[in-house]
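> Sequence first, predicted model second:
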Amino acid sequence: GGHINGQFFATFHWIEGVRQYQVIQKEIDRFVIRIVTDDAFKDDNLKPMLDVIYEKFGTDAAIEVDKVDNIPFTKGCKYKLVVSEVNL
């Protein structure tokens with residue numbers, strides 16, 4: 001029910017094969033994670049980070065991983081790493 005700093009998701013920066021990422025929190029326990037990958041990426045590379053999310057939000061949390069070609073900048077030419085669509 002509390003707030004979590006966006007730095008919680010910063011571990012994605014160090015996952016081998018992940019060039020860009022964006023975490024979208026749709027609901028308290030539902031996330032969409034967009035990733036742009038390179039040739040070094042393997043699906044198993046995400047497991048440690050997904051485990052951390054499950055630990056924090058519960059094993060019932062829904063996590064969808066979407067591999068995309070790019071993550072667009074906002075109209076203000078910024079790149080948002082974490083987007084919350086949750087209204088508390």
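Yep, that arrived. These numbers come from a predicted model, not from an experiment. Numbering: from 1, shown residues only.

> where's residue 55, which helix or strand?
helix 47-57 (DSSP states H and E).

> Now do the buried residues in the helix or strand that comes right after that helix.
Using DSSP H and E, the helix or strand that follows helix 47-57 in sequence is strand 62-67. For strand 62-67, burial by neighbour count (16 or more other C-beta atoms under 10 Å) applies to residue 63. For every residue, glycine as well, the C-beta is placed using N, CA and C.

> Stretch 15-26 too?
Buried-residue list, stretch 15-26, by 16+ other C-beta under 10 Å: 15, 18, 21, 22, 23, 24, 25.

> Which pLDDT does the model give the closest residue to residue 57 other than its chain neighbours?
Closest residue in space to residue 57, ignoring its immediate chain neighbours: residue 29 at 5.0 Å, by C-beta to C-beta, 6 or more residues apart in numbering. pLDDT for residue 29: 88.

> Residue 88 too?
At residue 88, pLDDT is 65.

> Please name the residues that touch the residue nearest to residue 57.
Counting by C-beta atoms under 8 Å, 6 or more residues apart in numbering, residue 29 makes contact with 57, 58, 60, 61, 62.

> Strands of the protein, start to end?
In the chain, the segments counted as strands under DSSP state E are 18-27, 30-37, 62-67, 82-84.

> Going by mean pLDDT, which of those strands comes out lowest?
For the strands of the chain, mean pLDDT drops lowest on strand 82-84, to a mean of 87.

> For that strand, enumerate the helices and strands it packs against.
Applying 3 or more C-beta pairs under 8 Å, 6 or more residues apart in numbering; DSSP states H and E, we find strand 82-84 packed against strand 18-27.

> which residues are in contact with the strand it packs on?
With contact meaning C-beta under 8 Å, 6+ apart, strand 18-27 is reached by 9, 12-13, 31-38, 41, 45-46, 70-71, 79-86.

> just the buried members of the residues you listed?
For the contacts of strand 18-27, buried by 16+ other C-beta under 10 Å: 9, 12, 31-37, 41, 46, 81-82.

> out of the residues you listed, who's nearest residue 53?
residue 31 (6.7 Å; C-beta to C-beta).
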